[in-house]
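Undergrad: task: produce atomic coordinates for the following.
(one chain, ligands or ions: 1)
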Amino acid sequence: MTLALSHAEMVRLLGLSDPAQIEDLRRAAYDRATATVGDAVHYRGIVELSNRCALDCYYCGIRRSNLAIERYGLDRDEVVEAAMFCAEAGYGSCVLQAGERRDEGFVAFVEECVAEIRARSLSERLPRGLGITLSLGEQSLDTYRRWRAAGAHRYLLRIETSNPALFASLHPPAQRFETRVQALDDLRTAGFQVGTGVMIGLPGQTLDDLAADIAFYGERDIDMIGMGPYLHSQGGAMPAAAMMAKDPLLFLGLKMIAVTRLALPTLNIAATTALQALVEDGRERGISFGANVTMPNVTPRGVRRNYQLYDGKPCLDEGSLECRGCLERRVIAAGRRVGWDEWGDSPHARLRLPDSIQA
Ligand code: SF4
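TA: Residues are numbered from 1 along each chain as shown. You can find the predicted model right below:
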């Protein structure tokens, strides 16, 4: 996919500090979103189905080596029930997210959940059933094919950074950059709409790195983006002092959304919860800087506290219904409407993979 901005222009925009110039950037990205992805914001209700993880990413609060949290796994009925809330609440799509596991028991469990959600969510309002995104890490091509055949049609696998050296500083040696890139390619082969994203404000990260991240999205022909500020986690292995100060971090995150929108206008871009961890209206701000997707949490409240990838995660105690109303107010405050009962695939995905829109 060709970028609409040069590397130098992206670096310049990411480095803006004058409030009037940042406002011009925001306005341009917002208008570009209106013209390319429309005025609707689409919901994907997140079901955090398990915090068990076989991996050990240094930045993550639920990594394997963190022995201070209680591990949980929802059963099939709990997963399906949370997804059915999304269908009934008009969300149109859900995301099944968990720590990374590749054992057959887990793979088959996800396969069954996906098939049941698609079958049970068929209705007049959702004639194709609920749209299902998976965010379950690196898996084999065979596993991706099984989950795709079961009825999931989008997959989010974050690269975290497109700089291999920076990637190596965030992960144990066994977790390799090349393997992550291969997994993104395998997802395309399996017929998924593919999402990725990065952490913004990582220790040692430069504006050149961030501009290269946007170029990476274009080179890999990515359909959707979920990226957010790097936030420290007490359960991680990185020093708290390595996190940027909140204000500049927030603005860097927002500028990254805006520049991505201008460079790659037809992608879906999420206003992630991590923005709201920095400031109460973080998600509205993300939308006003060009994002068009948001992900309310529909995980049962009893276990939500145990799924914290970073400190300060918001909305731990809100019920799913409260969340629905609160988020709608946020979307309207950002001058958008909610795309109720729609899958809301990106225009880029609709062109690239017309068959996946039907499936
Ligand atoms: S980021 Fe994902 S894969 Fe890495 S430790 Fe956390 S849950 Fe596991």
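
Undergrad: show me where the stretch 1-150 of the chain has strands.
TA: For the stretch 1-150 of the chain, applying DSSP state E, counting those that start in this stretch gives strands covering 40-43, 45-50, 93-98, 131-135.

Undergrad: around the ligand, which positions in the stretch 201-350 of the chain sit nearby?
TA: Applying C-beta under 6 Å from any ligand atom, one finds that the stretch 201-350 of the chain approaches the ligand through Leu309. Quick note: C-beta positions are derived from backbone N, CA and C, even for glycine.

Undergrad: one step back: nearest to the ligand, out of the strands of the stretch 1-150 of the chain?
TA: The ligand lies closest to strand 93-98 among the strands of the stretch 1-150 of the chain, at 7.6 Å (C-beta to the nearest ligand atom).

Undergrad: go ahead and flag the most central residue of the protein.
TA: Gly226 (3.3 Å; C-alpha atoms, centre = their mean).

Undergrad: separation between the residue of the stretch 201-350 of the chain found nearest the ligand and Val80?
TA: Closest residue of the stretch 201-350 of the chain to the ligand, C-beta to the nearest ligand atom: Leu309 (5.8 Å). Look at Leu309 and Val80: by C-beta to C-beta, to the nearest Å, they are 24 Å apart.

Undergrad: repeat that for Gln193.
TA: Counting by C-beta to C-beta, the separation of Gln193 from Val80 is 22 Å.

Undergrad: the more surrounded of those two?
TA: Set side by side, Gln193 and Val80 show more neighbours around Gln193, with 27 against 20, by other C-beta atoms under 10 Å.

Undergrad: across the sheet, point out what pairs with that one.
TA: In this entry, Gln193 is beta-bridged to Arg154, by DSSP bridges.

Undergrad: quick check: the residue nearest to the centre of the chain touching Thr272?
TA: Yes - assessed by C-beta atoms under 8 Å, Gly226 is found in contact with Thr272 at 5.9 Å.

Undergrad: identify the contacts common to those two.
TA: Residues touching both Gly226 and Thr272 by C-beta atoms under 8 Å, 6 or more residues apart in numbering: Met295.

Undergrad: give me the mean pLDDT for stretch 22-39.
TA: For stretch 22-39, mean pLDDT rounds to 98.

Undergrad: got the confidence number for Ser320?
TA: pLDDT recorded at Ser320 is 73.

Undergrad: what is the burial count for it?
TA: By the measure other C-beta under 10 Å, the count of residues near Ser320 is 19.

Undergrad: try Gly61
TA: 22.

Undergrad: for Tyr91, give me the backbone phi and psi.
TA: Phi and psi for Tyr91, reported as degrees, to the nearest 10, are phi -70, psi -30.

Undergrad: tell me the contacts of it?
TA: Counted by C-beta under 8 Å, 6+ apart, Tyr91 has contacts 43-45, 130, 296, 340.

Undergrad: restricted to buried residues, select the residues you listed in PyMOL.
TA: Listed next is the PyMOL selection for buried residues among the contacts of Tyr91, using 16 or more other C-beta atoms under 10 Å:
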select buried, resi 43+44+45+130+296
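
Undergrad: of all the contacts of Tyr91, which two lie farthest apart?
TA: Leu130 and Pro296 (13.9 Å; C-beta to C-beta).

Undergrad: could you pull out the helices for the stretch 51-200 of the chain?
TA: Along the stretch 51-200 of the chain, the stretches classed as helices by DSSP state H, counting those that start in this stretch are 76-89, 104-120, 141-150, 164-170, 177-189.
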